[in-house]
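Visitor: Sequence first, predicted coordinates after that:
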Amino acid sequence: MVGSAIVRRLESEGFNNLLTRDHSQLDLANESAVAKFFAEERPTIVIVAAAKVGGIKANDDFPVEFLLENLQIQNNVIRSAYENDVRKLLFLGSSCIYPKFAPQPIPETALLSGPLEPTNEAYAIAKIAGMKLCQAYWHEFGRHFISAMPTNLYGPNDNFDLETSHVLAALIRKAHEAKVRKDQKLTVWGTGKPRREFLHVDDLSSACLLLLEKYDSPEIINVGCGEDISIRKLSELICDVVGFDGELAWDTSKPDGTPRKLLDVTKLRALGWKPAIPLRDGIARTYEWFRANSV
Ligand code: GDP
């Protein structure tokens with residue numbers, strides 16, 4: 001989802017010198033394959049958007065894979081970027097790197113100030129290691145490897161699988177299928193009380209370009225829209241956009257995860273960036289994409 005959005009954005013800005021590989025062409029967890037790719041292609045700028053990602057259930061069920069594969073991918077790519085004199089690298093982390101009970105909105109300074117949310121601790125630890133590796137290359141070797149921490153993302157090419165997806169994509173699928181089947185009820189996980197911030201992936205890609213052009217610091221920087229919404233309100237909004245008018249039921253055997261995750265985006269705003277896609281429009285566009293591509 002993130003990689004294809006960044007490519008769309010770069011192409012629309014007229015870049016015609018992009019080096020991309022999909023998973024079938026290059027396994028980023030394979031150290032020697034990554035080293036060979038970098039030595040042959042010698043990229044100047046690198047964006048590390050690839051990661052093993054998933055929603056609350058996948059993260060909770062498969063901590064080994066989330067920790068190991070993400071460490072492998074980022075270690076291979078970041079080290080190869082160093083060894084092949086990449087001029088600037090942007091590493092994408094996640095808002096789950098912050099402590100479970102961080103102050104809200106979460107400033108970048110909250111990093112490592114308290115225990116993590118257990119349902120995504122493995123992924124968060126990997127992402128913290130990735131941003132720390134970028135900082136280490138900056139401090140030890142003067143490399144301009146920067147790290148951005150995006151909030152919860154959604155948009156075209158999201159994962160709509162009900163077991164492994166994040167909440168927004170899952171609810172689009174659930175509402176669509178409930179509408180088609182004319183169900184009375186749609187089941188949402190947890191209590192509906194947690195609050196999350198959602199950013200359309202096309203907004204993330206515009207922020208990434210701005211950061212590559214204007215941000216030059218080893219300190220992490222948050223990328224978000226600055227507003228959050230409860231899972232209950234999000235569910236109602238998605239049902240409204242999709243056109244499902246049945247009831248919501250709550251499956252409280254599923255975890256809520258962290259109670260709130262809203263990023264403090266003061267630093268990014270000071271660079272002159274703001275999001276362009278309101279949540280309702282973004283959901284409508286994503287639903288359109290889902291209908292055209294996944295059904
Ligand atoms: P998180 O931000 O890491 O917690 O990841 P998710 O996007 O997977 O979950 C966000 C919140 O949405 C959690 O409180 C979930 O319990 C809740 N949620 C409600 N229904 C669903 C669903 O069908 N799928 C997922 N992934 N989360 C859901």
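Guide: Everything's here; your move. Numbers count the residues shown, from 1 in each chain.
Visitor: Check which helices and strands the helix or strand of the chain with the lowest mean pLDDT is in contact with.
Guide: Least confident element among the helices and strands of the chain, by mean pLDDT, DSSP states H and E: helix 56-61 (a mean of 94). Packing partners of helix 56-61 (3 or more CB pairs under 8 Å, 6 or more residues apart in numbering; DSSP states H and E): none among the helices and strands. Every C-beta, even on glycine, is put in place using the N, C-alpha and C of the backbone.
Visitor: now could you export just the CA positions of that helix as CSV?
Guide: Provided in CSV are the C-alpha atoms of helix 56-61 (Å, rounded to 0.1, in the frame of the first residue of the first chain):
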residue,chain,number,x,y,z
ILE,A,56,-4.0,-6.2,16.1
LYS,A,57,-4.8,-9.9,15.7
ALA,A,58,-2.0,-10.7,13.3
ASN,A,59,0.5,-8.8,15.5
ASP,A,60,-0.7,-10.6,18.6
ASP,A,61,-0.7,-14.1,17.0
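Visitor: Average pLDDT for the helix or strand just after it, rounded please.
Guide: As assigned by DSSP states H and E, the chain's next helix or strand after helix 56-61 is helix 63-83. Helix 63-83 shows a mean pLDDT of 98 in the predicted model.
Visitor: which other helices and strands contact helix 63-83?
Guide: Packing partners of helix 63-83 (3+ CB pairs under 8 Å, 6+ apart): helix 31-41, strand 45-48, strand 88-92, helix 121-141, strand 144-150.
Visitor: how far off strand 144-150 does that helix point, in degrees?
Guide: Taking axes from the mean of the first three to the mean of the last three CA atoms, to 10 degrees, one finds helix 63-83 and strand 144-150 inclined to each other by 150 degrees.
Visitor: Among the helices and strands packed on helix 63-83, which comes closest to the ligand?
Guide: helix 121-141 (8.3 Å; CB to the nearest ligand atom).
Visitor: So which bits of that closest one are buried?
Guide: Within helix 121-141, the residues that count as buried by 16 or more other CB atoms under 10 Å are 121-131, 133-135, 137-138.
Visitor: do stretch 175-194 as well
Guide: The neighbour-count criterion (16+ other CB under 10 Å) identifies A175, H176, A178, K179, L186, V188, W189, G190, T191, G192, P194 as the buried residues of stretch 175-194.
Visitor: That concludes my questions; thank you for your assistance.
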